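Asker: Next one to model:
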Amino acid sequence: MSTDAKHAYRESAVHSASPVRLVMLLYEQIVQDLQCALNALERNDIEQRSREMDRALAIVGQLQATLDLDHGGEVAKNLEHFYTLLRASLLEAQINPSKTILETQITNLLSLREAWIEVERTSRASTHPPVSAQGGKA
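Answerer: Purely as a prediction, here's the structure:
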């Protein structure tokens, strides 16, 4: 797929996405950025690694800034804590390049993304009850 086609697809996905789906797309982008940073680290490409890390950090900042700590309860507090630790870890990897830190944070983000997938499934199931074979609601 060409870069233009990928960009158009991503733009379309963002414009039609639910808030939960947007969070998942941002996690996917952070993971992609960190994987690119990891590749740049292995090539000793400091400039590329820094660009990728900066983009990942900007997304984490955006995610953190959109948390509703007044109404989000324990989940928002836990995400705030996770994002704070993630930021600190990524800054550490920026100062002292570390393959291990990047790999660990990629794994953490993918695990948290799985939790968001489950949230999306659950919310979809509650808004769209199953339909029986006769065409009625189950």
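
Asker: so which strand or helix has residue 105?
Answerer: helix 99-127 (DSSP states H and E).

Asker: hey, where'd the helices end up in the chain?
Answerer: Secondary structure of the chain (DSSP state H): helices located at 3-15, 19-43, 46-65, 73-95, 99-127.

Asker: May I see those helices arranged in JSON lines, with mean neighbour count and mean pLDDT as well?
Answerer: For the C-beta atoms, the positions are set from N, CA and C on the backbone; glycine is no exception. Shown next, in JSON lines, are the helices of the chain (neighbours: other C-beta atoms under 10 Å; pLDDT from 0 to 100):
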{"stretch": "helix 3-15", "mean neighbour count": "10", "mean pLDDT": "59"}
{"stretch": "helix 19-43", "mean neighbour count": "17", "mean pLDDT": "95"}
{"stretch": "helix 46-65", "mean neighbour count": "16", "mean pLDDT": "96"}
{"stretch": "helix 73-95", "mean neighbour count": "14", "mean pLDDT": "95"}
{"stretch": "helix 99-127", "mean neighbour count": "14", "mean pLDDT": "90"}
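
Asker: Run the chain-centre distance for the helix holding residue 105.
Answerer: Distance of helix 99-127 from the chain centroid (C-alpha atoms, centre = their mean, to the nearest Å) equals 8 Å.

Asker: and the gap between residue 83 and residue 29?
Answerer: To residue 29, residue 83 is 15 Å away according to C-beta to C-beta, to the nearest Å.
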